[in-house]
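J.: Got a sequence here, can you model it:
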Amino acid sequence: MKIAIAQLNPVVGDLTGNWGRLESLLAKEGAAADLVVCPELYLTGYPPLGLLAKPWFQQQLTALLGQLPVLSARYPEIGFLIGAPTPVSPEAGSGWYNSTLFYSGGKLLGVAHKNYLPATDLMDEAAYFQPGNGATVINFKGKRLGVVIGEDLWAAASVVGAKLEPSPLLVDLAPQADLVLNVAAYPFYDGWTEQLSGLCAAVAQRFRTSFLLVNQVGANEELIFAGESLLVSAEGTPLYVAPSFQETVNVVDLEATTPPGLSSRPSAQRAVYDALVLGLRDYARKTGFTKAILGLSGGIDSAVVSCLAAEALGPANVLALGMPSPYSSVGSVEDSRVLAKNLGIEFKVISI
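T.: Model prediction:
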């Protein structure tokens with residue numbers, strides 16, 4: 001089976017743009033694949049939060065959910081797995097599930113609803129979604145695919161320790177599956193990649209099943225996503241690691257004898273730098289900004305901000321202002337001028 005690992009960078013709330021990228025994915029990068037896998041809540045972008053309470057957003061989302069069978073029928077040879085909110089049935093109550101839908105040949109072959117909903121200040125899913133119940137295994141082209149959404153992967157209590165432990169849901173699902181698919185939007189923080197990849201390898205080895213993680217990349221709201229999607233063999237050996245902090249689509253063959261490739265991960269310091277650059281770049285791009293003005297004092301803090309801004313937006317799009325007072329040292333202005341020249345950004349002095 002050939003799988004297109006779609007490590008995508010959606011825009012929260014841009015249903016039209018995210019849909020257009022899905023159409024392009026199926027027509028181009030995913031055309032050679034049997035299965036295309038997108039991240040958690042790709043259609044709305046993660047996290048949609050309060051948009052789910054807006055009637056206009058609900059109407060647009062419902063209309064696009066209705067178009068998914070039509071889109072699938074246009075590509076009958078390709079199955080695709082896409083994350084999206086789905087409405088709770090009237091019999092079960094009201095609200096939305098955090099769901100992943102599996103389409104092939106114009107038909108819905110299966111739906112998974114996220115069970116464990118984080119309730120943190122930045123990812124308060126519990127305030128906007130209803131929890132699902134149980135695991136989902138889908139038969140597709142001779143493979144049993146076990147679908148796990150985001151934090152359903154591990155036991156909630158284990159996140160406080162250094163080692164993540166598989167959740168009861170995963171322990172129940174993995175023995176039934178030839179391939180475990182974890183569609184996710186895991187935010188970046190230092191050290192997280194090592195914890196997560198360790199869990200993926202341990203699960204694959206324990207249950208003798210291949211494991212695929214497809215993670216969102218990009219920056220939305222106050223969250224930054226590193227990507228670093230991962231394919232692990234049934235022996236627990238990494239076969240593919242997607243690049244960090246960049247959108248990428250790669251088709252891997254589960255039956256291939258040659259591993260598709262491992263992207264080198266950045267050092268801890270470099271990862272923080274790349275995360276900050278991506279956060280600034282995506283904030284500007286997704287909100288329509290192209291240029292930035294910042295104060296440059298000659299100190300270390302504004303120097304770091306200037307470096308990040310020049311990298312994220314391009315030197316030609318950054319204006320640095322030196323604003324000396326009668327008590328400022330000559331060196332503070334001259335140091336700022338030298339830094340601006342080295343970075344290639346414009347520098348002006350406005351005395352205060």
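
J.: mind listing the helices for the stretch 201-350 of the chain?
T.: In the stretch 201-350 of the chain, the helices defined using DSSP state H, counting those that start in this stretch lie at 268-287, 300-313, 330-343.

J.: export those helices to CSV and tack on mean neighbour count and mean pLDDT?
T.: Where C-beta positions appear, they are placed from N, C-alpha and C, glycine not excepted. What follows is the helices of the stretch 201-350 of the chain, written out as CSV (neighbours: other Cβ atoms under 10 Å; pLDDT from 0 to 100):
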stretch, mean neighbour count, mean pLDDT
helix 268-287, 17, 96
helix 300-313, 18, 97
helix 330-343, 16, 94
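
J.: And the ones you listed: which comes nearest residue 140?
T.: Closest to residue 140 of the helices of the stretch 201-350 of the chain, according to Cβ to Cβ: helix 268-287, at 33.1 Å.

J.: how far off helix 300-313 does that closest one point, in degrees?
T.: 60 degrees (axes from the mean of the first three to the mean of the last three Cα atoms, to 10 degrees).

J.: Helix 268-287 packs against which elements?
T.: Here helix 268-287 touches strand 217-220, strand 223-226, helix 300-313, going by 3 or more Cβ pairs under 8 Å, 6 or more residues apart in numbering; DSSP states H and E.

J.: Could you count how many residues lie near the closest residue to residue 113 other than its chain neighbours?
T.: Nearest residue to residue 113, sequence neighbours excluded (Cβ to Cβ, 6 or more residues apart in numbering): residue 132, at 2.6 Å. Residue 132: 21 surrounding residues under other Cβ atoms under 10 Å.

J.: ok, now which ones touch residue 132?
T.: Counting by Cβ atoms under 8 Å, 6 or more residues apart in numbering, residue 132 touches 97, 98, 99, 112, 113, 114, 115.

J.: on that earlier part again, okay, the helices and strands packed on helix 268-287 in CSV with distance to residue 350 next?
T.: Shown next, in CSV, are these (distance: least, Cβ to Cβ, whole Å):
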stretch, distance to residue 350
strand 217-220, 31
strand 223-226, 33
helix 300-313, 15
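
J.: between those, which gets nearest to residue 287?
T.: From the helices and strands packed on helix 268-287, taking Cβ to Cβ, the stretch that ends up closest is strand 217-220, at 10.8 Å.

J.: to the chain's geometric centre, what's the distance from that closest one?
T.: In terms of Cα atoms, centre = their mean, to the nearest Å, the centre of strand 217-220 is found 6 Å from the chain centre.
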